[in-house]
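1. Show me the folded form of this:
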Amino acid sequence: DVVNGVLVSANSILKRFRYVQRSDALYADILYVLQRLQEPLTQLFTSVTSQIVDNVALANNAPELTSRLAALRSINRIFYSLNYQDLPEYFEDHMGEWMAGFAKLLVYKNPILVDEDEEMQPGPIDSLQVSVVQNLNLYGNKDEEPFIPYLP
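-> Residues are numbered from 1 along each chain as shown. Model prediction:
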């Protein structure tokens with residue numbers, strides 16, 4: 001699917017932000033990307049999260065669910081990369097949207113996507129939830145103060 005392809009490509013490009021030493025050039029690159037991606041990424045995250053959590057018709061469609069879960073995992077990985085060096089102001093201002101989505105995804109379950117015979121490979125829900133926990137851990141380690149109101 002095209003959206004997943006674009007997200008996987010963006011994730012591959014942007015993950016370099018995690019491993020490059022801080023510099024003015026790096027922050028200029030991050031700012032350039034943020035100005036173009038932060039709002040559409042947030043909108044896509046909230047939209048796809050709602051589709052998965054709230055769409056009863058989608059609940060029994062394993063291929064569509066798997067595709068959307070993969071998209072959300074990529075969105076989360078992009079979010080992680082964009083937040084790795086510093087917490088951008090936009091994401092701090094929209095933390096409520098992200099944290100509400102993360103909370104929904106952490107408790108999401110759907111038996112149609114669980115393979116009881118598979119013990120070694122994580123399923124699509126597990127992979128998504130791992131990416132959520134990684135984002136929460138990143139935020140908790142970076143700057144606790146704006147993050148505290150969203151903790152249970």
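2. How about residue 30: what's its closest non-neighbour residue?
-> residue 17 (5.9 Å; C-beta to C-beta, 6 or more residues apart in numbering). Yep, even glycine has a C-beta here, placed from its N, CA and C like the rest.
3. next one: residue 39
-> Excluding the flanking residues, the one nearest residue 39 by C-beta to C-beta, 6+ apart is residue 90, at 7.3 Å.
4. biggest helix in the protein, by residue count?
-> Selection of the longest helix in the chain by residue count, based on DSSP state H, yields helix 24-54.
5. Quick check: which helices or strands does it pack against?
-> Contacts defined by 3 or more C-beta pairs under 8 Å, 6 or more residues apart in numbering; DSSP states H and E place helix 24-54 against helix 62-83, helix 89-93, helix 95-107.
6. Enumerate every residue touching the residue nearest to residue 30.
-> By C-beta atoms under 8 Å, 6 or more residues apart in numbering, residue 17 lies in contact with 26, 29-30, 81-82, 84-85.
7. could you redo the last one with a cut-off of 10 Å?
-> 26-27, 29-30, 33, 78, 80-85 (C-beta atoms under 10 Å, 6 or more residues apart in numbering).
8. three-state assignment of it?
-> helix (DSSP: H, G, I helix; E, B strand; the rest coil).
9. Same question for residue 116.
-> From three-state DSSP, the assignment for residue 116 is coil.
10. ok, it - how many residues close by?
-> Neighbours of residue 116 under the rule other C-beta atoms under 10 Å: 6.
11. That one and residue 71: what is the separation?
-> 25 Å (C-beta to C-beta, to the nearest Å).
12. quick check: angle from the longest helix of the chain to helix 62-83?
-> Compare the direction of helix 24-54 with that of helix 62-83 by axes from the mean of the first three to the mean of the last three C-alpha atoms, to 10 degrees and you get 150 degrees.
13. Residue 9 contacts residue 74, doesn't it?
-> Yes. Using C-beta atoms under 10 Å, residue 9 is in contact with residue 74, at 9.3 Å.
14. and the two? which has more neighbours close in?
-> residue 74 (23 against 11).
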